[in-house]
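Enquirer: 3D, please:
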Amino acid sequence: MKRFFLWFAVVSLVLAGAVSYFADSDPDGLDHVTERHGIAEHARDHPLADGPLADYTVGGDDRLTGPAGVIGVVLTLLVAGGLFWLLRKKSARG
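Expert: You can find the predicted model right below:
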């Protein structure tokens, strides 16, 4: 089981670091519809729009989408792993 999770983490990191450079910069379907129907006119910036990983980049640099993807995967794996560890410890005691 540990081998599976190790390979899962490795594949996730490789995909996040490499494939993210091929992501399309054009708006997705939801953005297109909101712009077409005038809904986007009422949109406001998200409070974290100036955050360090905003727009799937590091510091707003479009050349750093790969590192942003890797950071996102690492943070997600840490949070999920921590939650699973906590829940497993609780259920083992109960």
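
Enquirer: and the residue positioned nearest the centre of the chain, how close does it get to Ala54?
Expert: Taking C-alpha atoms, centre = their mean, the centroid of the chain lies closest to Gly72, which sits 4.5 Å from it. Distance, Gly72 to Ala54, using C-beta to C-beta, to the nearest Å: 12 Å. (Glycine included, C-beta is placed from N, CA and C.)

Enquirer: for Ser12, same thing?
Expert: Distance, Ser12 to Ala54, by C-beta to C-beta: 22 Å.

Enquirer: show me what the host helix or strand of Leu6 packs onto, helices and strands only.
Expert: Assigned by DSSP states H and E, Leu6 belongs to helix 2-18. Counting contacts by 3 or more C-beta pairs under 8 Å, 6 or more residues apart in numbering; DSSP states H and E, helix 2-18 is packed against helix 65-93.

Enquirer: tell me the angle the helix it packs on makes with helix 2-18.
Expert: 150 degrees (axes from the mean of the first three to the mean of the last three C-alpha atoms, to 10 degrees).

Enquirer: please begin residue numbering at 51 from this point
Expert: Done: numbering now begins at 51, and the last item shifts to helix 115-143.

Enquirer: pull out the buried positions in helix 115-143.
Expert: Buried residues in helix 115-143, counted by 16 or more other C-beta atoms under 10 Å: 115-121, 123.

Enquirer: list just the nearest of the residues you listed to Phe54.
Expert: Distance to Phe54, by C-beta to C-beta, is smallest for Val123 among the buried residues of helix 115-143, at 16.3 Å.

Enquirer: that closest one and Ala66: what is the separation?
Expert: Computed as C-beta to C-beta, the Val123 to Ala66 distance reads 4 Å.
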